[in-house]
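Novice: prediction below, plus the sequence it came from.
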Amino acid sequence: MKTVAILGSTGSIGKNALKVIAQLEDRFKVVALSAGSSAHLLARQVNRFRPRLAAIMDETKFSTLKNKVDIRTKLCCGPEAIEEVASCGADIVVMAIGGSAALLPVLRSLEKSKRLALANKECLVMAGDIIMRRAKKRGVEIIPVDSEHSAIFQCLKDEERSSLDKIYLTGSGGPLKDTPKEELGFVQPDFALRHPLWKMGKKISIDSATLMNKGLEVIEAKYLFGLDPKKIKVLIHPEAVVHSLVEFCDGTILAQLGKTDMRLPIQYALSYPQRFVSNSSKLDFSQVSQLSFSLPDLSKFPCLRLAQEAAEEKGLAETTLNACDEECVWAYLEGKIKINDIARIISRVLAKLKNNTNPTLPEILQADKWARDEVRRWFRY
């Protein structure tokens, strides 16, 4: 029996993690949960899984949470409470908080837990070197939950890293794959949010539309697997059957295939190195008519190119890229800019950056704030 803490339990990844655990309650025990502001759902989860600790970020929702919970669970609120959940000492911490808000909880989780099941790429984009060094020092396993990185992790499981030649991260192409480049300026948020295969949060959905999500995944893979960015390639794969591929020095290529179901990589991150029976649907090859692959159009999707360049530059370039993207995505969703303005603004802010390739955590947090302030100048908040 392993204990599990889930940060971001009311989001898509968090809810799927609880579905997995509900099927494996003889193997996993939920001991802590946290949410941003969804007090009613968090309360239902607490009453169902009976953790010893639950926290909500939004302090205005604490009274609602308290009134809805009918068992003896320690309840708390605010940023410090989220970090308390992260450092509660659970065997496994599932990090399902979105965006840069996960950085400090991730660092806290490395203090006491044995495994970090990581479903947040932004923390590695911001501070990948620091996170990986601390994890190694403390002997904490970091198991990726992103379907692409889980695929790479599984393909590399029994292989010598010295024999690795390159990896291929696949992506469906998102909702704008077939939209002409000259029409991108007219794309409204409701259309850009309609991912053809995955149901995700707003931020990651827009990142998928601009292909920034693939760019962030390049940086994430660089740190998770200790790779030169030049060895990380991106392929557009609309069928989303092949979740990623690994090519070795002898020309052999291994691929991980499966249904588009996030419960699969979540369960593997919990069960590794074992595999448990899953009630998820299986891939039926008789229904797969074709597997197609193509290179992304970097002139149409410049966000991917900017992320690839930041991965090469390292350090505060990656932090700045992430901060700018977060601010631009919310500005687009609020109607302040067009979707093709996102790359333009990020590019201009990056051009002003005095990069540091080996920053400290305070320098990273300072650069994050500086980048956000620079972006906000464009919107005149």
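Specialist: That came in fine, so what should we check first? Numbering: from 1, shown residues only.

Novice: quick one: contacts for the residue most central in space within the chain?
Specialist: Centroid check for the chain by Cα atoms, centre = their mean gives Asn120 as the closest residue, at 3.0 Å. Contacts here follow Cβ atoms under 8 Å, 6 or more residues apart in numbering; on that basis Asn120 touches Met95, Ala96, Ile97, Gly98, Gly99, Ala102, Val106. To be clear about C-beta, it is placed using only N, CA and C from the backbone, and glycine gets the same treatment.

Novice: where in this structure is pLDDT low?
Specialist: Scanning the chain for pLDDT under 70 picks out the ranges 198, 380-381.

Novice: tell me how it divides into domains.
Specialist: What automatic domain parsing lists as the domains of the chain is 2-144, 146-260+281-300, 314-381.

Novice: quick one: the strands in the stretch 1-150 of the chain, in order.
Specialist: Here the stretch 1-150 of the chain has its strands, by DSSP state E, counting those that start in this stretch, at 2-7, 28-35, 53-56, 74-77, 92-95, 115-118, 141-144.

Novice: burial measure for the residue nearest to the residue nearest to the centre of the chain when sequence neighbours are not counted, as a count.
Specialist: The shortest distance from Asn120 to any non-neighbouring residue, by Cβ to Cβ, 6 or more residues apart in numbering, is to Ala102 (4.1 Å). If you count neighbours by other Cβ atoms under 10 Å, Ala102 ends up with 25.

Novice: go on, Val242?
Specialist: By other Cβ under 10 Å, neighbour count at Val242 equals 18.

Novice: any idea how far Leu42 is from it?
Specialist: Distance, Val242 to Leu42, using Cβ to Cβ, to the nearest Å: 36 Å.

Novice: can I get the CA coordinates of stretch 288-296 in PDB?
Specialist: Extracted C-alpha coordinates of stretch 288-296, given in PDB (Å, rounded to 0.1, in the frame of the first residue of the first chain):
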ATOM      1  CA  VAL A 288      -6.700   2.200 -37.100                       C
ATOM      2  CA  SER A 289      -6.800   2.900 -40.900                       C
ATOM      3  CA  GLN A 290      -3.500   4.800 -41.100                       C
ATOM      4  CA  LEU A 291      -0.700   6.400 -39.100                       C
ATOM      5  CA  SER A 292       0.500   9.600 -40.700                       C
ATOM      6  CA  PHE A 293       3.400  11.900 -39.700                       C
ATOM      7  CA  SER A 294       4.600  15.300 -40.900                       C
ATOM      8  CA  LEU A 295       6.900  18.100 -39.800                       C
ATOM      9  CA  PRO A 296       5.400  21.100 -38.100                       C
END
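
Novice: buried residues of it, list them for me.
Specialist: Pro296 (16 or more other Cβ atoms under 10 Å).

Novice: centre of the chain to that stretch, how far?
Specialist: 24 Å (Cα atoms, centre = their mean, to the nearest Å).

Novice: one step back: ok, the residue nearest to Asn120 to Val246 distance?
Specialist: Counting by Cβ to Cβ - Ala102 and Val246 are separated by 27 Å.

Novice: kindly report the same for Leu7.
Specialist: Counting by Cβ to Cβ - Leu7 and Val246 are separated by 29 Å.

Novice: go on, Ser289?
Specialist: From Ser289 to Val246 the distance is 25 Å (Cβ to Cβ).

Novice: also Leu104?
Specialist: Distance, Leu104 to Val246, using Cβ to Cβ: 32 Å.

Novice: what of Leu184?
Specialist: 33 Å.

Novice: who has more neighbours out of those two?
Specialist: Val246 (23 against 18).

Novice: and that one, how far from Ile253?
Specialist: 7 Å.

Novice: got it, and Ile364?
Specialist: From Ile364 to Ile253 the distance is 36 Å (Cβ to Cβ).

Novice: now Ile6
Specialist: Applying Cβ to Cβ, the value for Ile6 to Ile253 is 34 Å.

Novice: more crowded one of those two?
Specialist: Between Ile6 and Ile253, Ile6 has the larger neighbour count (other Cβ under 10 Å), namely 32 against 12.

Novice: correct me if wrong: the more buried one contacts Ala35.
Specialist: No - look at Ile6 against Ala35 with Cβ atoms under 8 Å: they stay out of range, at 9.3 Å.

Novice: quickly list what's touching both of the two.
Specialist: Both Ile6 and Ala35 are contacted by Gly14, under the criterion Cβ under 8 Å, 6+ apart.

Novice: what is the neighbour count of Glu334?
Specialist: If we define neighbours as other Cβ under 10 Å, then Glu334 has 10 of them.

Novice: and the one 5 residues further on, by the same measure?
Specialist: Number of residues near Ile339 (other Cβ under 10 Å) recorded here: 24.

Novice: re the thing from before, among the contacts of Asn120, which one sits closest to Ser208?
Specialist: Gly98 (13.1 Å; Cβ to Cβ).

Novice: that closest one: how many residues sit nearby?
Specialist: The number of residues packed near Gly98 is 22, by other Cβ under 10 Å.

Novice: touching, it and Lys203? I think so.
Specialist: Yes - between Gly98 and Lys203 a contact is recorded at 5.9 Å, counting by Cβ under 8 Å.

Novice: dump the strands of the stretch 1-150 of the chain into CSV; add distance to Asp158 as well.
Specialist: Listed next are the strands of the stretch 1-150 of the chain as CSV, based on distance: least, Cβ to Cβ, whole Å:
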stretch, distance to Asp158
strand 2-7, 23
strand 28-35, 25
strand 53-56, 37
strand 74-77, 42
strand 92-95, 22
strand 115-118, 19
strand 141-144, 16
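
Novice: so which of the ones you listed is the most packed in?
Specialist: Scoring these by mean neighbour count under mean count of other Cβ atoms under 10 Å gives strand 92-95 as the most buried, with a mean of 28.

Novice: ok, residues contacting stretch 5-12?
Specialist: For stretch 5-12, the surrounding residues in contact (Cβ under 8 Å, 6+ apart) are 14-15, 17-18, 30-36, 38, 41-42, 45, 51, 53, 82, 85-86, 88, 90, 92-98, 102, 105, 109, 113, 119, 199-201, 262.
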